[in-house]
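Student: Below are the sequence and a predicted model; questions follow.
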Number of protein chains: 6
Amino acid sequence: MPYVNIKVTQEGGPNGTGPSTEEKQKLVAGVTDLLASVLGKNPATTFVVIDEVPLENWGLEGRQVSTIRAEQG
Amino acid sequence: MPYVNIKVTQEGGPNGTGPSTEEKQKLVAGVTDLLASVLGKNPATTFVVIDEVPLENWGLEGRQVSTIRAEQG
Amino acid sequence: MPYVNIKVTQEGGPNGTGPSTEEKQKLVAGVTDLLASVLGKNPATTFVVIDEVPLENWGLEGRQVSTIRAEQG
Amino acid sequence: MPYVNIKVTQEGGPNGTGPSTEEKQKLVAGVTDLLASVLGKNPATTFVVIDEVPLENWGLEGRQVSTIRAEQG
Amino acid sequence: MPYVNIKVTQEGGPNGTGPSTEEKQKLVAGVTDLLASVLGKNPATTFVVIDEVPLENWGLEGRQVSTIRAEQG
Amino acid sequence: MPYVNIKVTQEGGPNGTGPSTEEKQKLVAGVTDLLASVLGKNPATTFVVIDEVPLENWGLEGRQVSTIRAEQG
């Protein structure tokens, strides 16, 4: 009964839309398959929760990703 | 000084509103009471944080809950 | 399909044992019942994960709980 | 390669805006500096994720913070 | 720069050893590959953290997994 | 009433001891001060929880940190 939490940035500008519905489906299916194949975990009790984080709420190198992206142009 | 995080799906359609204010209050009070009665924890330093997760961001059985709900429709 | 994470300190000295097996069972049952009664959530897909945190790894008031407990001693 | 998650309430009314962009930048820089100075961690692989939680989704003393704030007037 | 947290039970008895080193390596590689292929995320800044949870600290169906496993005996 | 979770690797070999008690105290004090100075948060209700993660449970670049450290000699 694994629980998996995936946090990714909401790319695509200040109000980025983040991953599409289809991309999220691929993440859910891929992680669930991985846990079934590596550890024999039952997909019926495998939870996957995706959190989409605004660029200005994610920091790396001591800076907000929104700033890093702006500098990368 | 317990910290409790409750994650639930935002039920009620693609833009589901999730639990109501009153339901959230019952969750907060119920969890705080439980920790006080079972472990003697002080409500003054018991935190409860509720996260509402969009249906398409929650996976179960390798599928998004939005897909599962649509099939149950 | 809620997911609940409960973090509590491992009370009982520097190597405190934390909550007993029976106390953990009461937490699991209590939280699961609460989510069923307030939001109608199915216990079969309600996860509860308890994390026990060493006193010196939990901070409050800018101090470690191990220090606070020693002063209360 | 530390990972830091900061959860704060979205202050400023029912639809509070939470911390400003500048305040978030200070949090990101401050936490990254702290981990570099105390533990020698490399800022290039230090992640900081800020979650802003609506007042009615945060409980303290068995009540929602939205209720506590309203009583404080 | 995704962050992924995988929580699994420590199977193998009351003091189960949980996943082996090799199994953990497969989880790390598999999740990192998935995020690169689905979302184009850079492996150099993809974090994967695995938490192993004792059976008596994980609840499902309102019971501890240690109890469920004993009944399945 | 912020909640901060800091995850760091347990450096110092396969059974690394991770940060010392004094280093943890500096992290707790530093983060609490930062939230007080940037956002005016009250230290009395600021929680800091430090998680120490074994090197083989942390992945970066698709590999376990234990492997990366061994290669770095």
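Tutor: Happy to help now that I have it. Numbering: from 1, shown residues only, chains lettered A, B, ... in the order given.
Student: Output the contacting helices and strands for the lowest-mean-pLDDT helix or strand in chain A.
Tutor: Within chain A, no helix or strand scores below helix A:65-72, which has a mean of 91 by mean pLDDT, DSSP states H and E. On a contact count with 3 or more Cβ pairs under 8 Å, 6 or more residues apart in numbering or on different chains; DSSP states H and E, helix A:65-72 meets strand A:58-60. To be clear about C-beta, it is placed using only N, CA and C from the backbone, and glycine gets the same treatment.
Student: so does the top helix by length along chain A get close to chain B?
Tutor: Among the segments of chain A that qualify as a helix by DSSP state H, the longest is helix A:21-39. Yes - under the criterion of Cβ under 8 Å from any Cβ of the partner chain, chain B is reached by helix A:21-39 at A:Thr21, A:Lys24, A:Gln25, A:Leu27, A:Val28, A:Ala29, A:Val31, A:Thr32, A:Asp33.
Student: Quickly note the distance from A:Ile50 to E:Ser20.
Tutor: Distance of A:Ile50 to E:Ser20, computed by Cβ to Cβ, to the nearest Å: 28 Å.
Student: An error on my part: the question was meant for A:Lys24.
Tutor: Distance, A:Lys24 to E:Ser20, by Cβ to Cβ: 30 Å.
Student: neighbour-wise, which of the two wins?
Tutor: Each of A:Lys24 and E:Ser20 has its neighbours counted (other Cβ atoms under 10 Å in any protein chain shown); A:Lys24 has more, 25 against 12.
Student: contacting residues around the more buried one?
Tutor: For A:Lys24, the contacting residues are A:Ile50, B:Glu56, B:Asn57, B:Gly59, B:Gln64, by Cβ atoms under 8 Å, 6 or more residues apart in numbering or on different chains.
Student: Over to A:Thr17?
Tutor: Here A:Thr17 is in contact with A:Gln10 (Cβ under 8 Å, 6+ apart).
Student: quick one: which of the residues of helix A:21-39 next to chain B is most hemmed in?
Tutor: A:Val28 (28 neighbours).
Student: So for that residue, what's the nearest residue that isn't a sequence neighbour?
Tutor: Take A:Val28 and drop its neighbours on the chain: the residue closest to it by Cβ to Cβ, 6 or more residues apart in numbering or on different chains is B:Gly59, 3.1 Å away.
Student: Spit out the contact partners of that neighbour.
Tutor: With contact set as Cβ under 8 Å, 6+ apart, B:Gly59 has these partners: A:Lys24, A:Leu27, A:Val28, A:Ala29, A:Val31, A:Thr32, A:Thr46, A:Phe47, A:Val48, A:Val49, A:Ile50, B:Val65.
Student: likewise A:Pro19?
Tutor: A:Val8, A:Leu27, A:Ile50, A:Glu52, E:Val38, E:Leu39.
Student: quick one: it is in a helix?
Tutor: No - assigned with DSSP: H, G, I helix; E, B strand; the rest coil, A:Pro19 falls outside any helix and is coil.
Student: returning to that earlier point: name whatever forms a beta bridge with the residue nearest to A:Val28.
Tutor: Listed beta-bridge partners, B:Gly59: A:Val48, B:Gln64 (assigned using DSSP bridges).
Student: Closest to D:Tyr3 out of the contacts of A:Pro19?
Tutor: A:Val8 (13.7 Å; Cβ to Cβ).
Student: ok, residues contacting the helix or strand harbouring the closest one?
Tutor: With secondary structure defined by DSSP states H and E, A:Val8 is part of strand A:3-9. Strand A:3-9 is contacted from outside by A:16, A:18-19, A:27, A:31, A:35, A:46-55, A:58, A:65, C:3, C:47, C:49, D:49, E:1-7, E:35, E:39, E:41, using Cβ under 8 Å, 6+ apart.
Student: what are the C-alpha coordinates of that strand, in PDB please?
Tutor: C-alpha atoms of strand A:3-9 as PDB (Å, rounded to 0.1, in the frame of the first residue of the first chain):
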ATOM      1  CA  TYR A   3       1.900   6.300  -1.000                       C
ATOM      2  CA  VAL A   4       3.800   8.500  -3.500                       C
ATOM      3  CA  ASN A   5       3.900  12.200  -3.600                       C
ATOM      4  CA  ILE A   6       5.200  14.000  -6.600                       C
ATOM      5  CA  LYS A   7       5.900  17.700  -6.500                       C
ATOM      6  CA  VAL A   8       6.700  19.600  -9.700                       C
ATOM      7  CA  THR A   9       6.700  23.200 -10.700                       C
END
